[in-house]
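A.B. asks: Provided below are the primary sequence and the corresponding predicted coordinates.
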Amino acid sequence: METVSDVVVVGGGPCGSFSALNLARIGIKVTVFEEHDEIGVPCHCAGHLSIKGLKQLGLHPLPSEIVENSFCGAIFHSPGGKEFSVRFHSPVTCVVNRVLFDKHVAKMAETLGTRYRLNSVVASLLIDDSFVKGVVVKEGGKTERKFWSKIVLDAEGISSKILRQTGLRTFNRGNLVNGVHAEVENVKDLEPDMVEVYLGKDYAPGFYAWLTPKGDDRAKVGLAAKSANPRELLRKLMLKHPAASKKLCSAKVLQNVFHPIPLGGPIPKAYSNGLMAVGDVASHVKPTTGGGVVFGMISAKIAADVALEALQRDDFSSRFLGLYQRRVQKLLGFDLNAMLRIRKMLDAMSDAKLDDAIGFCRRFGLEDFLRSIEDIDFQGQALLNALRSPRALAALVYFFMLYLSANP
C-alpha cells in the first residue's frame, strides 16, 4: 500500500492534466495515472479549438509549434450542393497538433509538481465504507498495487470503466457517433483560413464531415456518423462527394484515428463519495459540434476548485462534492441543453430540409449577422443574445417551421 497524493487523477489527457495543473498551482500533491506509455498518444480528435475558449482557459497564446493553422470562418456544403460561408474579421478557431497540445498541458502540470505515472492502468477503485479512497493500479503489466488518496478525479475518457464501479450512470450510448479523422496530403484548391463542413446523410448520417487545412497541401479530414462504417464513409467522401472529392480525390492518407463521440449531454450525476468525473467520461461535450476539449477543461478547472475546498474542509462526501455538478450546471448547463435541442433538430431534418436551410441562409444574408456572434463555444447564450436581432428571430422561426414540417 502506498499513499501517493492528496488527489489521484485517472487519465493524462487534457482534462486530467488541466485539473492536475490547477491543483498543483496551489501546492496540492497530485498524481496522474496514464494507461499509455506516452502522453497524447494515441491521438483522439482533430484538435479544432476556439481561440476565445483557449483564452478563457488561460492557454492562449499556445507555443507556435503546437498550432497548425488558424481560421477566420467556415464554408458549409449542403447535401444538394449549395454553399454558405461565414468569414470573421480575424481568426476565431485554430487547429492544434493534439499530441503536442496534450504534452504541453501535462508538462505545465509536471513543472509545478504533478507526478505522472505512465503505462499505468487503473484497474479499479479503492472503496472503503462507500467512499472512494484511491485506486488499484497495474504498472507496466506487473503486479497490481494500491495507491491511496483523499479524492479521485476520473478523466478516463468515454470508456467509463472506473465510473461504472461507483454505480453512477454513464452517458447515453444511443446518442453516440463513431468518428474518424485522417491526416492527408496532396489536397487541392483549399482556402487556407477556412474550415469546410459537409452535411448530408449519404456521407455523415447523424453528424457531419469536415476538412481543416494545415498549410501547403496538407489537411485534416474527418467525419462522424451514427450508422455505417466511418472508414467507408470517409473514403466515399474523398472520392465521390461533389465538392469534397474535387479537393481530396488525389489526396494521400498519412494516418487515421477512430474515436466515438458522446452527443447526449452531461451524465445525470458526475460525483460520488470521494470522486468527481470530468471531460468525456462525464459527457461534457458540445452536442452540436462534438467538441469536448474546451468544455471538458472548464469542468476540470471547476473540479479542481471543489477538490481544494474539500481538502480544506476535510469533507469528501457526495453531499459536499455535489457542489461540483451545481457549478458546472450553472456555467455550462444552459448552453449544453440548447445545443442538445439543436442537435435533435438537425438529426430530424432530411437532406432536402438541410438544403432549404442552407439556401435560406444565403438568401437572407445571415453571414453578416453570424459575424456578430462573439462566442462559438457558448452557443446557447449566443443564440439567446442573437434573438435581439429581427433578422435572427425571423431565421429562428424559419428553422423551427422546417423542424415542425420534418416532425408532423
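C.D. replies: Structure received. All of these numbers come straight from a predicted model, not from anything done at the bench. Numbering: from 1, shown residues only.

A.B. asks: for residue 228, what are its contacts?
C.D. replies: When contacts are counted by C-beta atoms under 8 Å, 6 or more residues apart in numbering, residue 228 is found next to residue 205. In short, each C-beta sits where N, CA and C put it, glycine included.

A.B. asks: specify the local secondary structure of it.
C.D. replies: The three-state label for residue 228, taken from DSSP: H, G, I helix; E, B strand; the rest coil, comes out as coil.

A.B. asks: quick check: it vs residue 237, distance?
C.D. replies: Counting by C-beta to C-beta, to the nearest Å, the gap between residue 228 and residue 237 amounts to 12 Å.

A.B. asks: and if you look at residue 98?
C.D. replies: Residue 98 sits 21 Å away from residue 237, going by C-beta to C-beta.

A.B. asks: next one: residue 336
C.D. replies: 28 Å.

A.B. asks: what about the helices in the stretch 251-400 of the chain?
C.D. replies: Counting by DSSP state H, counting those that start in this stretch, the segments of the stretch 251-400 of the chain that form helices are 293-313, 318-328, 334-348, 351-364, 366-370, 379-386, 390-406.

A.B. asks: now the ones you listed in a markdown table, with mean pLDDT?
C.D. replies: Below are the helices of the stretch 251-400 of the chain laid out as a markdown table (pLDDT from 0 to 100):
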| stretch | mean pLDDT |
| --- | --- |
| helix 293-313 | 98 |
| helix 318-328 | 98 |
| helix 334-348 | 90 |
| helix 351-364 | 84 |
| helix 366-370 | 68 |
| helix 379-386 | 74 |
| helix 390-406 | 54 |
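
A.B. asks: looking at these, which is nearest to residue 242?
C.D. replies: Distances from residue 242 to each of the helices of the stretch 251-400 of the chain were compared by C-beta to C-beta, and the smallest falls on helix 351-364, at 12.9 Å.

A.B. asks: how far away from the center of its chain is the closest one?
C.D. replies: 27 Å (C-alpha atoms, centre = their mean, to the nearest Å).

A.B. asks: list the buried residues of that helix.
C.D. replies: By neighbour count with 16 or more other C-beta atoms under 10 Å, helix 351-364 contains the buried residues 353-358, 360-361.

A.B. asks: next one: phi and psi at residue 74?
C.D. replies: Dihedral angles of residue 74 (phi, psi; degrees, to the nearest 10) stand at phi -150, psi 150.

A.B. asks: how about the contacts made by the residue nearest to residue 317 when sequence neighbours are not counted?
C.D. replies: Here the nearest residue to residue 317 in space, its sequence neighbours aside, is residue 273; by C-beta to C-beta, 6 or more residues apart in numbering that works out to 5.7 Å. If you count contacts by C-beta under 8 Å, 6+ apart, residue 273 has them with 130-132, 316-318, 321.

A.B. asks: on that earlier part again, ok, of the buried residues of helix 351-364, which one's closest to residue 147?
C.D. replies: Nearest to residue 147 out of the buried residues of helix 351-364 is residue 354 (C-beta to C-beta; 50.5 Å).

A.B. asks: which residues of the stretch 1-150 of the chain fall in helices?
C.D. replies: Taking DSSP H, counting those that start in this stretch as the criterion, the stretch 1-150 of the chain contains helices spanning 14-24, 51-56, 98-111.

A.B. asks: so which of the ones you listed is nearest residue 277?
C.D. replies: If you check each of the helices of the stretch 1-150 of the chain against residue 277 by C-beta to C-beta, helix 14-24 wins as the nearest, at 9.8 Å.

A.B. asks: which neighbouring elements make contact with that closest one?
C.D. replies: Counting by 3 or more C-beta pairs under 8 Å, 6 or more residues apart in numbering; DSSP states H and E, the packing neighbours recorded for helix 14-24 are strand 7-10, strand 30-33, helix 98-111, helix 293-313.

A.B. asks: pick the most deeply packed of the ones you listed.
C.D. replies: strand 7-10 (a mean of 30; mean count of other C-beta atoms under 10 Å).

A.B. asks: specify the beta-bridge partners of residue 222.
C.D. replies: Residues in a beta bridge with residue 222, per DSSP bridges, are residue 181, residue 210.

A.B. asks: tell me how far it lies from residue 88.
C.D. replies: According to C-beta to C-beta, residue 222 and residue 88 sit 23 Å apart.

A.B. asks: same question for residue 135.
C.D. replies: Between residue 135 and residue 88 the distance, using C-beta to C-beta, works out to 44 Å.

A.B. asks: how about residue 304?
C.D. replies: Taking C-beta to C-beta as the criterion, residue 304 is separated from residue 88 by 32 Å.

A.B. asks: which regions of this structure sit below the pLDDT cut-off?
C.D. replies: Along the chain, the parts satisfying pLDDT under 70 run over 1-4, 365-366, 368-374, 386-408.

A.B. asks: for the residue positioned nearest the centre of it, give me its contacts.
C.D. replies: Residue closest to the mean C-alpha point of the chain, counted by C-alpha atoms, centre = their mean, is residue 292 at 1.4 Å. Neighbour list for residue 292: 45, 261, 279-280, 284-286 [criterion: C-beta under 8 Å, 6+ apart].

A.B. asks: go again using 7 Å as the cut-off
C.D. replies: With contact set as C-beta atoms under 7 Å, 6 or more residues apart in numbering, residue 292 has these partners: 279-280, 284-285.
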